[in-house]
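Student: Here is a sequence with its predicted model. Questions after.
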Amino acid sequence: MSLNDVEKTLVVFKPDTVQRGLVGEILSRFERVGLKIVATKMIKPNKEHYHRHYEEIGQMITRRGEHAFDVTLKMMVEGPVIAMVFEGVEAVALVRKLVGTTEPKSALPGTIRGDYSHMSFGYADSADKGIPNLIHASGDPEEAEKEIAHWFADGELYEYPTAHEKFTR
């Protein structure tokens, strides 16, 4: 392990998290494992912003089809989101582990999705809606880098020491 293993990753608290009042409770889970917040903002992105995020970076339409993108977009524009950048040792994989699998029904207890959501892909598909799975988390370090650049300007990322870094790095 080296200092190169210290990564930044994007987390977006989706409209369902904001509207359910779960941001603080879920945020504390990231902080408790030693991740450091280096950027945060509340924003209500437009469709173009989400197209760049989900297709140009994430390849959602390419991988899952136009319909999956459309229902996700409809859900995401329902309200504001809170975008954050966390930093830590192997932060991308750590956040993915904390968040749980994309389908809430399959997410293990103890993960964010396993503890706070339950919907299946089948139900969401039959209801023709996006799946309210609370959090977007970057899939890998390369995606994280692109997503962070899309959501935040360089001047919005902060470097500062924390009291517990000697225990988490």
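Tutor: Structure's in. What do you need?
Student: which other residues reach the helix or strand hosting H67?
Tutor: Using DSSP states H and E, the secondary-structure element containing H67 is helix 66-76. Among residues not part of helix 66-76, those counted as contacts by CB atoms under 8 Å, 6 or more residues apart in numbering are 14-16, 45, 47, 50-51, 54-55, 60-61, 124, 128-132. C-beta coordinates here come from the backbone N, C-alpha and C atoms, glycine included.
Student: ditto for stretch 89-103
Tutor: With CB under 8 Å, 6+ apart, stretch 89-103 has contacts from 1, 5-9, 11, 29-30, 33-35, 86, 88, 107-108, 111-114, 119-121, 131, 133-135, 137-141, 144, 168-169.
Student: again with stretch 51-59
Tutor: 45, 60-62, 69, 72-73, 139, 143, 146-147, 150-151.
Student: Please repeat the previous calculation with a cut-off of 7 Å.
Tutor: M60, I61, F69, T72, E143, K146, E147, H150 (CB atoms under 7 Å, 6 or more residues apart in numbering).
Student: tally of neighbours for the third one?
Tutor: F69 sits with 20 neighbouring residues when counted by other CB atoms under 10 Å.
Student: what's the answer for the fifth one, then?
Tutor: Close neighbours of E143, defined as other CB under 10 Å, add up to 17.
Student: same thing with the fourth one?
Tutor: The criterion is other CB under 10 Å. On that basis, T72 has 20 neighbouring residues.
Student: Equivalent analysis for the last one, please.
Tutor: In terms of burial, H150 registers 15 neighbours under the definition other CB under 10 Å.
Student: ok, then the element right after the strand or helix carrying it?
Tutor: In the assignment (DSSP H and E), H150 maps to helix 141-151. Next helix or strand after helix 141-151 toward the C-terminus (DSSP H and E): helix 165-168.
Student: same question for that following helix, mean pLDDT?
Tutor: In this model, helix 165-168 has an average pLDDT of 81.
Student: What lies in contact with that helix?
Tutor: G34, G88, V89.
Student: What sits closest to the last one if chain neighbours are left out?
Tutor: Excluding the flanking residues, the one nearest V89 by CB to CB, 6 or more residues apart in numbering is D5, at 5.3 Å.
Student: Same check on the first one?
Tutor: Of all residues not flanking G34 in the chain, T168 sits nearest, at 3.1 Å (CB to CB, 6+ apart).
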